[in-house]
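Undergrad: Could you work out the structure for the sequence below:
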Amino acid sequence: MGIEVISSGLQTTIQDLGRKGWSHMGVPESGSADKFSSKLANFLLNKELNSPVIECTLTGPVLKFLKSFSLIITGADMKPKINDKSFKMNTTIRVKINDVLSMSNCSVGCRTYIAFSENLISERFLNSASTYLPAKLGGINGLPLQVGDVISTEPVNLDAAKTKKIDLNTISSFTNDWELRAMEGPEFKFLSTRSKKHILLSSYTVSNDSNRMGNRLDGERIELTNKDQMISCPMNIGTVQCPLGGLPIILGCDSQTLGGYPRILQIAEIDFPLIGQLRPRDRVSFKKISLEEARTELKNQTQLFPFF
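TA: Here you go, the predicted model:
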């Protein structure tokens, strides 16, 4: 016994850092869509970064606690309340038996993460608790949390002496107008001269037809000079594909591991967490950087946030 789901929210799942190293077998990484916020929550509780958390999408759940423990909420602000009393994001809160956590919807960002001082017990596949909905793996029966579900928890040793401090003021605020740093993809050369300029100078709108697998973008269509069918190639989180229709797709954490559309851009790893916070009707633009710049910015981020 631990947590009872009173209301499920739009799409609420159990996630950890995913299933790395299985893409050669066709298994996507999955895990938290915004791994920065997920790791931040566990870091602030002094837990293992890979500990399972609850991921909420656009609208949060209502949860009743069947035992006492601490929790912390990061990511998009869904205006959390305990027993109808508001509390701050990124702040450790102690809850008691029969306390109720309620969450509303977020206006910026897309996903919120709830970490607990006790470990969530869930199904595991390939050593990960992450819920992968297309194959019904992990989490609770491989599905989003349902009304009436009860998530069991178990105590875990937290060594407060190892706690490291970070400056929460250095965490970037969420927005509805995102700039994603990106490098040219292997098939960038397939774009027309005009489209090579356009994709780096214009902005797109995130389509309603978006999910953890990928974010479809609406806007001016990209022109391909080479429309020959490609042999399927490896894909990665942050790969920007261009289907024949000309509207780009930014692949997310649940994306396929192989694909046959041109890979016109690759989002830099430092901005992978931002992909998980894109919401329908957000504006997206791309800033071209070099591979060396991407490595440098990732290194700088790691110095600011040791858990990144």
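
Undergrad: The residue positioned nearest the centre of the chain - nearest residue in space that isn't next to it in sequence?
TA: By CA atoms, centre = their mean, the chain has its centre lying nearest to A33, at 1.6 Å. Spatial nearest neighbour of A33, chain neighbours left out: G276 (2.9 Å); criterion: CB to CB, 6 or more residues apart in numbering. Where you see a C-beta, it was placed from the backbone N, CA and C, and this is true even at glycine.

Undergrad: so the one you found touches C253, yeah?
TA: Yes - with contact defined as CB atoms under 8 Å, G276 reaches C253; the gap is 6.7 Å.

Undergrad: what's the overlap in contacts for the two?
TA: Common neighbours of G276 and C253, counting by CB atoms under 8 Å, 6 or more residues apart in numbering, are 32-33, 212.

Undergrad: and of those, the nearest to I114?
TA: S32 (11.3 Å; CB to CB).

Undergrad: Would you enumerate the residues in contact with the residue nearest to the centre of the chain?
TA: Here A33 is in contact with 15, 55, 110-111, 212, 252-253, 275-277 (CB under 8 Å, 6+ apart).

Undergrad: phi, psi of it?
TA: phi -70, psi -30 (degrees, to the nearest 10).

Undergrad: which residues in the stretch 151-300 of the chain form strands?
TA: Along the stretch 151-300 of the chain, the segments classed as strands by DSSP state E, counting those that start in this stretch run 177-184, 203-206, 214-218, 233-234, 239-241, 249-251, 258-259, 263-267, 283-288.

Undergrad: Could you check the angle the first one makes with strand 283-288?
TA: Looking back up the chat, that one is strand 177-184. Using axes from the mean of the first three to the mean of the last three CA atoms, to 10 degrees, the direction of strand 177-184 lies 30 degrees away from that of strand 283-288.

Undergrad: which other helices and strands contact strand 177-184?
TA: strand 263-267, helix 272-275, strand 283-288, helix 291-304 (3 or more CB pairs under 8 Å, 6 or more residues apart in numbering; DSSP states H and E).

Undergrad: Quick check: which of the ones you listed is nearest to R181?
TA: Closest approach to R181 among those (CB to CB): strand 283-288, 5.1 Å.

Undergrad: where does the stretch 151-300 of the chain have low pLDDT?
TA: For the stretch 151-300 of the chain, the stretches flagged by pLDDT under 70 are 159-164.

Undergrad: hmm, 90 instead?
TA: Scanning the stretch 151-300 of the chain with the threshold set as pLDDT under 90 gives 156-173, 226-232, 244, 260.

Undergrad: rewinding a little: can I get the strands of the stretch 151-300 of the chain in JSON lines including mean neighbour count and distance to V62?
TA: Below are these laid out as JSON lines (neighbours: other CB atoms under 10 Å; distance: least, CB to CB, whole Å):
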{"stretch": "strand 177-184", "mean neighbour count": "18", "distance to V62": "29"}
{"stretch": "strand 203-206", "mean neighbour count": "18", "distance to V62": "27"}
{"stretch": "strand 214-218", "mean neighbour count": "22", "distance to V62": "28"}
{"stretch": "strand 233-234", "mean neighbour count": "13", "distance to V62": "41"}
{"stretch": "strand 239-241", "mean neighbour count": "24", "distance to V62": "36"}
{"stretch": "strand 249-251", "mean neighbour count": "24", "distance to V62": "31"}
{"stretch": "strand 258-259", "mean neighbour count": "16", "distance to V62": "38"}
{"stretch": "strand 263-267", "mean neighbour count": "23", "distance to V62": "34"}
{"stretch": "strand 283-288", "mean neighbour count": "17", "distance to V62": "31"}
